[in-house]
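Q: heads up, no residue letters with this:
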Ligand code: Z5A
């Protein structure tokens, strides 16, 4: 793979959407060809799966069905969009990826992480993001920002304790691999958050350049 794979993660309302716009502008400035996408979603089929996952409904989605739907969409997204783009030399910037599965379905729902690892291997082989930015914020602040913006989706109807577990799941994952993960304090002003994102992107870019 020639392109770089960057993912953005965090609990509700951390500002992923807002800051992906900022990252896109920064990549344009660097003359780096990229594609921005999201999960669940990213292809017509995977966007249909997203609708199934996010739309509140009367039928409870079982934890196993939720996990499998996440990976079904991901398999399609990888096959149709992510892998071909990376192979063509583009950078891929993805709003959420498998770290969200470990955080929401693993830490949040309590599903066994070895099961997630198994599906990760099945669907992705050895492919992992090169850089993951985790926007971190106290859960109450994020939920307030999200609720001021739009009506709650199926996940946003969960209790605060669920999101506390999700947040802790992300922080535990980040602690295991500081090379790949940059944790950004997203409770700062937008300028402060973007200053830190830019610093993390610059550090990453420097590591991708072959020394002369
Ligand atoms: N999910 C899962 O369970 N397992 C998986 O494997 C995957 C996903 C891939 C869809 O995600 C759901 O799928 C998600 C987890 C689950 N749960 N939910 N819900 P999503 O990414 O589409 O939805 P989201 O997490 O809810 O994202 P969001 O609510 O759209 O939030 P955001 O993109 O992080 O935030 P935002 O829209 O950029 O900002 C929210 C508001 O805050 C907005 O009004 C901004 O103007 C404001 N904002 C942003 N930054 C700041 C700062 N710094 N200060 C003040 N105000 C700010």
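A: Arrived safely, thanks for sending. Since the model is a prediction, treat every value here as computed from it, not as a measurement.

Q: which stretches of this protein have low pLDDT?
A: Within the chain, the set of residues satisfying pLDDT under 70 comprises 210-212.

Q: which stretches of it form strands?
A: Remark: strands assigned in the chain by DSSP state E are 5-9, 34-38, 91-95, 131-136, 181-185.

Q: of all the ones you listed, which lies closest to the ligand?
A: strand 91-95 (5.5 Å; Cβ to the nearest ligand atom). Placement of C-beta: from N, CA and C, glycine included.

Q: now residue 12, nearest residue through space, not along the chain?
A: Once flanking residues are discounted, residue 12 sits nearest to residue 146: 4.4 Å by Cβ to Cβ, 6 or more residues apart in numbering.

Q: how many other residues sit next to that neighbour?
A: With neighbours defined by other Cβ atoms under 10 Å, the count for residue 146 comes to 18.

Q: check contacts around it.
A: Counting by Cβ atoms under 8 Å, 6 or more residues apart in numbering, residue 146 makes contact with 12-13, 152, 156.

Q: Of those residues, just the buried ones, PyMOL syntax please.
A: A single PyMOL command is used to select the members of these judged buried by 16 or more other Cβ atoms under 10 Å:
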select buried, resi 12+13+156
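
Q: Out of the contacts of residue 146, flag the one nearest to residue 77.
A: Taking Cβ to Cβ as the measure, residue 77 sits nearest to residue 12 out of these, at 21.3 Å.

Q: ok, the closest one to the ligand distance?
A: According to Cβ to the nearest ligand atom, to the nearest Å, residue 12 and the ligand sit 4 Å apart.

Q: Run through the residues that contact that residue.
A: Counted by Cβ under 8 Å, 6+ apart, residue 12 has contacts 139, 142-143, 145-146, 155-156, 163.

Q: Let's see which of these end up in helices.
A: Of these, the ones assigned to helices by DSSP state H are 139, 142-143, 145-146, 163.
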